[in-house]
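K.L.:
coordinates only, sequence not included:
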């Protein structure tokens, strides 16, 4: 069935992890599309910072503290949304963490925390908000996943596993909703390569590619919601990963991963740092909207990248 474009004017969009980085960029991008924003984050100071930033731009926004690893916190946030707003139209599961290093060098607790935030977190939030979401004529769920959900990522094995699981959850839930007759509902799985938010400080993007910017990714996420796309891969060359793995013998795929640098990308990861390129952190007054010429140039440059990537 062919769907008409979604209209976001006046719609409430809830974003987890919206206090900084990509989450904050998406808050600005959805606001630019006419949406009203529910800013959630486990850090109340970041919630306040992003909410005040949106308000200064003239965008309707409310801030709610929510820890995606806590069932009680998620339930309290839902109650707050119901009492203050009523319900949500778009839910964006964005909150996530990265833990890098050789598997046995990383403490088990950090592996389990990665799974709890990146996989269990979106499941908790979706389980709480989905009944309310389905009452909306828009009813759109967005899961920010990773290109590492499509290919192994040495040095971040549990991170990749958490993203593989989230991709499976997204695709399964999409089909479940379709079979249940929720024709208005849409689930978008977003699989980007490395983003310059600081979470991937020290990583090396694959050959012929560069780090994506939060603003560029945020624009594409909004477009994917407007066009009801089930999957968004950024840059477009990421879509070559499933194709190459399906067509090439495993040994060739491994050599290709070595040659492009995918398998060595996390070798020099050294943890979260404030990204130099994250203008939202350095200059919160900077508008999210770029000129049409700049946006088109950025998209053209991203589309021109031709090597498969991994990361998020």
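P.N.:
All right, it came through fine. These figures come from a predicted structure and were not determined experimentally. Numbering: from 1, shown residues only.
K.L.:
residue 38: which element?
P.N.:
strand 36-41 (DSSP states H and E).
K.L.:
for that strand, which outside residues touch it?
P.N.:
Strand 36-41 is contacted from outside by 10-20, 23, 27, 30-31, 47, 50-51, 54, 59-66, 77, 81, 85, 88, 95, using CB atoms under 8 Å, 6 or more residues apart in numbering. Using the backbone N, CA and C atoms, a C-beta is placed for each residue, glycine as well.
K.L.:
so what are the sheet partners of it and their directions?
P.N.:
With DSSP bridges as the test, strand 36-41 is paired with strand 12-15 (parallel), strand 61-65 (parallel).
K.L.:
can you put those in JSON lines and add mean pLDDT and mean neighbour count?
P.N.:
Putting the strands paired with strand 36-41 into JSON lines (pLDDT from 0 to 100; neighbours: other CB atoms under 10 Å) gives the following:
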{"stretch": "strand 12-15", "mean pLDDT": "98", "mean neighbour count": "27"}
{"stretch": "strand 61-65", "mean pLDDT": "98", "mean neighbour count": "21"}
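K.L.:
residue 5: which of those strands is closest?
P.N.:
Counting by CB to CB, residue 5 lies closest to strand 12-15 out of those; the figure is 16.1 Å.
K.L.:
make CSV from the strands paired with strand 36-41 and add distance to residue 110 to it.
P.N.:
Shown next, in CSV, are those (distance: least, CB to CB, whole Å):
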stretch, distance to residue 110
strand 12-15, 25
strand 61-65, 24
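K.L.:
next one: residue 45 from residue 51, what distance?
P.N.:
Applying CB to CB, to the nearest Å, the value for residue 45 to residue 51 is 11 Å.
K.L.:
which of the residues in the strand holding residue 38 are buried?
P.N.:
Within strand 36-41, the residues scored as buried using 16 or more other CB atoms under 10 Å are 36-41.
K.L.:
same thing with stretch 103-118?
P.N.:
For stretch 103-118, by 16+ other CB under 10 Å, it's 106, 111, 114, 116-118.
K.L.:
burial count for residue 268?
P.N.:
Look at residue 268: counted by other CB atoms under 10 Å, it has 12 neighbours.
K.L.:
mind listing what it touches?
P.N.:
Contacts of residue 268 by CB under 8 Å, 6+ apart are 202-204.
K.L.:
where do the strands sit along the chain?
P.N.:
With strands called from DSSP state E, the chain shows them at 12-15, 36-41, 61-65, 90-93, 140-144, 186-192, 231-234.
K.L.:
show me where the stretch 201-312 of the chain has its helices.
P.N.:
214-226, 240-247, 250-260, 279-282, 292-304 (DSSP state H, counting those that start in this stretch).
K.L.:
same question for the stretch 1-150 of the chain.
P.N.:
Under DSSP H, counting those that start in this stretch, the stretch 1-150 of the chain gives helices at 21-32, 44-56, 71-84, 108-115, 121-133.
K.L.:
what does the first one contact?
P.N.:
Residues lying outside helix 21-32 but in contact with it, judged by CB under 8 Å, 6+ apart, are 8, 13, 15-18, 37, 39, 41, 50, 53-54, 57, 59, 61, 90, 92, 94-95, 144, 195, 197-199, 214-215, 217-219, 221-222, 275, 278, 280-281, 287-289.
K.L.:
look up the closest residue to residue 117, ignoring the ones flanking it.
P.N.:
residue 97 (4.9 Å; CB to CB, 6 or more residues apart in numbering).
K.L.:
what comes up buried for the longest helix along the chain?
P.N.:
Counting residues, the longest helix found in the chain (DSSP state H) is helix 157-179. Across helix 157-179, burial judged by 16+ other CB under 10 Å covers 157-167, 169-170, 173-174, 177.
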